Every structure is written in structure tokens, then in C-alpha cells.
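> fold the stuff below for me.
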Amino acid sequence: MSILPRYPALRLRRTRAHGWSRALFREHRLSPADLVWPLFIGSGDADEEPVATLPGVSRWSVPQIAARAREAVSLGIPCIALFPNTPHDRRTARGEEALNPDNLICQAIRAVRDACGDAIGIMTDVALDPYTSHGQDGVLDSRGRIANDATVEILAQQALVQARAGADIIAPSDMMDGRVGAIRRALEEEGCHDVQILSYAAKFASAFYGPFRDAVGSGGLLKGDKKTYQMDPANGDEALREIALDIAEGADAVMVKPGLAYLDIIWRAREAFGVPVFAYQVSGEYALTTIGAAAGVGDRDALMMEKLLAFKRAGATGIVTYFARDAARLLSD
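All right, here's what the predicted structure looks like:
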């Protein structure tokens, strides 16, 4: 048993007195290597289309996605995450565009690979909401409910399309039961043994997703909500059950989404399973910080870095964040 001395023999302010000492005693550190940069692929002719509800974030043309990937490499960011804004005329009830080997996300994968080789990892989203005319992550049955097993069959095919295009990490964000196992089997049968699965294992039905849905063009299309498959924000034990199932089905790492409001889930998952746990600092978290800083509630950089460090303190292996470029620049300086 350790016995701590009492004041004044022990003064905890001693180690805080100088910058060098604070650095020496710092328990957790953040680096560009901890960051994943989400990028939106535009469907129009413009090189860049700013997203109104995400100040500082844009949709990029395929060539510009490749340029952003080169920028990420230069900043030490190890991985990008790609999300398409599928044209409305290609969105259908069953999301067939997700299986098109020349869809926006596959074009972007190939462009990044040509531009950067293996210098950067490419993470791709597996879900149907960027492709469906109703904005849901799965297909609907005759009663208008999300059909789990029929959706899983499509998701496994979608994962193969992305893996063939050159994706390094398949990230299913749909929250259908059994989809990790189905995707892992499909990848193994295809010979894609080295393609990772980073499962959105604990994705909550959150109020923080609005700007993201604007960015991928599904927000105005969404009919109803996603509470029958995304998790109840009140449930922590259930989140651990979801994570355990995805690990058992073959996930190499798991994601908690959103991040900041669910730091307890990140901590519990890391303690319970000892697997890589990623946090997604989602669009609403980013937008509130950016807009709040613009309104004068605090310094944007300080707010950004404090929140990112909170994810590391909670045990996150890595952080998917729209702040990735800005944070990497600060950390490099």
C-alpha cells in the first residue's frame, strides 16, 4: 500500500510550476498520428462546396480529395475517412448505387491510392443512407420497417466493392445485427485477408448528427428516425454487449459515436475488452465548438485541443475528427 505524504511535505503545485515540468509529468499525449480526417466527396462540378452547417468543412471533387490526402500525409495524419454525397438521381429505395464499382467513393479511393500509394490509410463508410432515397441506413420491408437481414446482404456486397477499389479499413456504420460477421466472411472468401473492419459498434441515436446528414445529402430525405437500430443514449451496458458481439464477429477495432457525450463508453470498452477503441467527434460536436468560438465563448484552438485530449484520456486509440487538419498543424508547430 502506498502512503502519500501530507501538505506541506507534498505540494502538487510543484510539478505544475514550469512548462518543462508540466510536459515531463503529462500523463496523456496527443499527436497527428492519433487522428483520422473525414472527407466528403462532392457530386457536382465544383472543386469545393462548403457545407453551411459545418463551418470550415467542404465537399471536395475527386481530384481535390486526392490533394487533401497528400496534405494529410504531409501533416502526419495516418488515415482519411471517405463519405460520398451521392447525386439525388442516383438514390433509390434499395441504394443500388452503393454497389456501383465506379461510384463516388470508389473513384475517390482509386484517386487517393494513385496520389499517395500506401502512405496513407483509406477508411470507407459502409451504410446505405448516402445512397437511399429515404435516408435510412437500410432497405425497407413492406411495412416500412428497416429489414435487417436483407440490408446485411447488401452491406457485405458494398464492403467488397470498396475493398476491390483499394479501401484499407471497412467501417460499417449502419448498426444492423450481424453485419460485421457477414462482411468478414465476404472479405475472407474474396481473399481480402488484410482489409480491416473498424465497426461502429456503439452508435447512438444522437441529436449531434444533423450537419453530417447535410454534408452527405441525406438530411432532407430522412423519413422518420433511426431509433430502431441506433442505440438509446441512456444505455451503457447494452453498448458493451454490442461491442462484444462485433469483436466476436471479427472486428479489428470498434468505434463509439458520438464521442464527447459518451466518454464513459470509451473508457468502459477499453477496460472491458482491451481492443482498439476509436472515438468519432461528430459533426454536431465540431459545429457547436466552431460556432461557439466564433460567438466569443472561448478560444477555438484551446477548445479543440482540450476536447481531443479528453478522448485520449478516456482511452481512445484514435479520433475521427473534422478538426484533424487544424489539430495536426498545431501539434506539428
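> which residues in the stretch 51-200 of the chain form strands?
All strands of the stretch 51-200 of the chain, identified by DSSP state E, counting those that start in this stretch, fall at 58-60, 79-84, 121-126, 169-172, 196-203.
> of those, which is nearest residue 254?
Closest approach to residue 254 among these (C-beta to C-beta): strand 196-203, 4.0 Å. Every residue, glycine included, has its C-beta placed from N, CA and C.
> for the record, mean pLDDT for the helix or strand just after the closest one?
Later in the chain than strand 196-203, the nearest helix or strand by DSSP states H and E is helix 210-215. Averaged over helix 210-215, pLDDT sits at 93.
> do the same with stretch 17-24
95.
> same question, stretch 72-79
98.
> and the helices in this structure, which stretches?
Using DSSP state H, the helices found in the chain span residues 19-25, 62-75, 104-116, 148-165, 179-190, 210-215, 237-249, 263-273, 283-294, 300-314, 324-332.
> a markdown table for these, including distance to residue 97 and mean neighbour count?
Below are the helices of the chain laid out as a markdown table (distance: least, C-beta to C-beta, whole Å; neighbours: other C-beta atoms under 10 Å):
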| stretch | distance to residue 97 | mean neighbour count |
| --- | --- | --- |
| helix 19-25 | 50 | 10 |
| helix 62-75 | 15 | 18 |
| helix 104-116 | 9 | 21 |
| helix 148-165 | 10 | 21 |
| helix 179-190 | 19 | 19 |
| helix 210-215 | 17 | 21 |
| helix 237-249 | 26 | 17 |
| helix 263-273 | 33 | 19 |
| helix 283-294 | 22 | 18 |
| helix 300-314 | 33 | 18 |
| helix 324-332 | 27 | 18 |
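> turn those into CSV, columns for distance to residue 139.
Shown next, in CSV, are those (distance: least, C-beta to C-beta, whole Å):
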stretch, distance to residue 139
helix 19-25, 53
helix 62-75, 27
helix 104-116, 19
helix 148-165, 5
helix 179-190, 13
helix 210-215, 18
helix 237-249, 21
helix 263-273, 29
helix 283-294, 25
helix 300-314, 34
helix 324-332, 33
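> residue 90: which of those is closest?
Across those, closest to residue 90 is helix 104-116 (C-beta to C-beta), at 9.1 Å.
> got the CA positions of the lowest-mean-pLDDT helix or strand in the chain in CSV?
Of all helical and strand segments in the chain, the minimum by mean pLDDT, DSSP states H and E falls on helix 210-215, at a mean of 93. Taking Å, rounded to 0.1, in the frame of the first residue of the first chain, the C-alpha atoms of helix 210-215 are listed here in CSV:
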residue,chain,number,x,y,z
GLY,A,210,-27.5,16.9,-38.3
PRO,A,211,-24.6,18.6,-40.1
PHE,A,212,-23.2,15.3,-41.3
ARG,A,213,-26.6,14.4,-42.9
ASP,A,214,-26.5,17.8,-44.6
ALA,A,215,-23.0,17.1,-45.9
